[in-house]
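# Coordinates for the following, if possible.
(4 chains)
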Number of protein chains: 2
Amino acid sequence: MAYRKTPAEIRRLEAVREHLITCATSVVAEVGWSQASVTAVADSAGIAAGSVYQHFPSKAALAVEVFRRAAGREVDVLGEVLNGPGSPVERLSHGIEVFARRALENRGLAYALLAAPAEPAVGAERLDFRRRYRALFAEVVREGMAAGLLPSQNGEITAAALTGAIGEVLVDPLGAPAESTTDELLAELTAMALRCAGAPAT
Amino acid sequence: MAYRKTPAEIRRLEAVREHLITCATSVVAEVGWSQASVTAVADSAGIAAGSVYQHFPSKAALAVEVFRRAAGREVDVLGEVLNGPGSPVERLSHGIEVFARRALENRGLAYALLAAPAEPAVGAERLDFRRRYRALFAEVVREGMAAGLLPSQNGEITAAALTGAIGEVLVDPLGAPAESTTDELLAELTAMALRCAGAPAT
DNA sequence: GGAAACTCTGAATGATGGTTCACTTCTTTC
DNA sequence: GAAAGAAGTGAACCATCATTCAGAGTTTCC
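Below is the predicted model:
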C-alpha cells in the first residue's frame, strides 16, 4: 500500500468538482447549452478539457448535473412556498410570484432551464422537472377544490396549463432586455394564474 | 441558345420540390428534427442526398420551409376560427378546441412544431410562430374586454399564457399513446382557457 | 529519497452528418 | 442525331466536438 487519498485530497477533488459544476452553470446561463462546449466549460473552470472526465463520465452527465442542481433549487423553493402556510389560493399566488421573480433575476439560467435548446439528456431532465412542477401545482389545486375555494376541475390539466403558461410568459421577457415593468408583469402573471385555476376575483 | 427549361420541366422541378417538402414533413413528424438527416429525408423522397441541394441551399433552409408550411396551416386555421363569427368567448373556446383536436390527430407533427428539439433556425421560427399565436389570442381577448365579456387584463400576457398552457397540456398527451379520453381533455382544456381569460363560468 | 499510485494536460483520435463535386444521365434545341 | 446545358448521383470531403491517452507533474507512504 503506497498511495491512499488523504481526506484533504478527497476534499480538494470534491471542491474541484463543485467548482466545475458552478462554472459550467455560469457558462450555460451565459451562452446556452449548445455553445457550452467541454473546452469552454473547462477553460472557465481553469482546467484542461480532459480533466472534466475525471469528474464526469461524459459531457451529458455534467450537463444533467448542472440542470438538476439548478432546477432542483427552483423546485425546492416553489415546493416550500406551495406547501407552506396560508390558503391554497394564497400559496399558489405567492409561489408563482416567487418563481417568476427568481427567474427574472437570473434570466440566462432561467431561459436555459425552461426553454433553451439542449441535448437529449437535458431535454429528458427538463420533462422530468416539468412533471415535478405539475405535481406541485396539482396538489395545491386539489387542496383549493377540497377547501371549496376553486371550482371543480381536472387538477392535472390545470397544473400543466399553469406550468406552460408561466414558462411562456416568462420566456419572452427573458429573451428581451431588462424589463422596466417587472412588478406589473408579476401582478398580471399571478392574476392570470388565479383566473386559470378559477379563483374568484378579489 | 441551346437549352431553356420547358414549362413542363419547370413544373416537374416544382413538383419534386413539393414532394421533398412533403416527405421531409413526414420524416420529421415520425422521427423528429434531430433524427431527420439529409440522407433520411432524401431517401424518403426517393432522391439522392446531393439532390436536396438543388432545391434548398442548406438543410436548415429545408427545415425552415417544412416548419413554415406546417405551422402556417395551423396559424391559418386558428385565425380563421378566432376571427370568425360568434362572440369573442365562443370564438376563443372554439378556436382552442379546433387547434387541440388537430394537434391530437397528428401528434407527431404537432410535437415537432410545438416542442421537439430542433436546430437553431427552426427554434427561431418556432418563436416567431408563437408570437403569431399570441397576437391572435391577444386580439380576441381585447375584443372580449371591449365587449364587457372579459375582465380587465393585459391581453398580451393572457395570450402568452394561453399559448404556453395549450402547448404544455397537449405535449404530454402527445408523447403518450392514443388518449382514450380525448373529449374530456378537450373539455377541460377549453374550460381552463376560458377561466384563464376570465370568462364567467357557464 | 524513492517507488507506487494518482491527477492533470492537451494534442491526437474518432464519430457524426452536412456539404461538395467529378461524373453520369436526362432535356432541349437545331 | 449531336452538341450544349442542366439535373441527378453518391462517395469523398470537411468541420465540429466529445472523448481518449501517453506522458508530465503530484501526492502518499515507507
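
# and residue A:24, what does it touch?
For residue A:24, the contacting residues are A:36, A:41, A:44-45, A:62-63, A:66, taking Cβ atoms under 8 Å, 6 or more residues apart in numbering or on different chains as the criterion. Where you see a C-beta, it was placed from the backbone N, CA and C, and this is true even at glycine.

# what ranges of chain A fall below the confidence cut-off?
Within chain A, the segments meeting pLDDT under 70 span A:1, A:174-180.

# what's the closest non-adjacent residue to the residue nearest to the spatial centre of it?
Computing the C-alpha centroid of chain A and ranking residues by Cα atoms, centre = their mean puts residue A:71 first, at 3.2 Å. Distances taken as Cβ to Cβ, 6 or more residues apart in numbering or on different chains put residue A:129 closest to residue A:71, at 4.5 Å, once the chain neighbours are dropped.

# does residue A:56 count as helix, strand or coil?
coil (DSSP: H, G, I helix; E, B strand; the rest coil).

# Can you report phi and psi for it?
When quoted as degrees, to the nearest 10, the phi and psi of residue A:56 stand at phi -140, psi 140.

# show me what contacts it?
With contact set as Cβ under 8 Å, 6+ apart, residue A:56 has these partners: A:62, A:65.

# Leaving out sequence neighbours, find the closest residue to residue A:92.
residue A:140 (5.1 Å).

# buried sites along the strand or helix carrying the residue nearest to residue A:71?
Residue A:129 is part of helix A:120-146, with elements assigned from DSSP states H and E. Neighbour counts using 16 or more other Cβ atoms under 10 Å in any protein chain shown place A:122-123, A:125-126, A:129-130, A:132-134, A:136-145 of helix A:120-146 among the buried residues.

# all helices of chain A, in order?
Taking DSSP state H, the helices of chain A run over residues A:7-31, A:38-45, A:59-82, A:88-105, A:107-114, A:120-146, A:155-175, A:182-197.

# Around DNA strand D, which positions in chain A sit nearby?
Within chain A, the positions adjacent to DNA strand D are A:1-6, A:8-9, A:37-39, A:49-50, A:53, A:58-60 by Cβ under 7 Å from any atom of the strand.

# Residue numbers of chain A in contact with chain B?
Applying the criterion Cβ under 8 Å from any Cβ of the partner chain, the portion of chain A that neighbours chain B consists of A:34, A:117-118, A:120, A:123, A:130, A:151, A:153-154, A:157-158, A:160-169, A:171-172, A:175, A:184-185, A:188-189, A:191-193, A:195-198, A:201.

# Which entries within these meet the buried criterion?
Among these, the ones that count as buried by 16+ other Cβ under 10 Å are A:117-118, A:123, A:130, A:153-154, A:157-158, A:160-169, A:171-172, A:185, A:188-189, A:191-193, A:195-198.

# what's around the closest residue to DNA strand C within chain A, how many residues?
Nearest residue of chain A to DNA strand C (Cβ to the nearest atom of the strand) works out as residue A:50 at 1.8 Å. Summarising burial for residue A:50: neighbours were counted as other Cβ atoms under 10 Å in any protein chain shown, giving 9.

# Check residue A:49 too.
The number of residues packed around residue A:49, counting by other Cβ under 10 Å, is 14.

# That one and residue A:62 touch, don't they?
No: using Cβ atoms under 8 Å, residue A:49 is not in contact with residue A:62, being 11.7 Å away.
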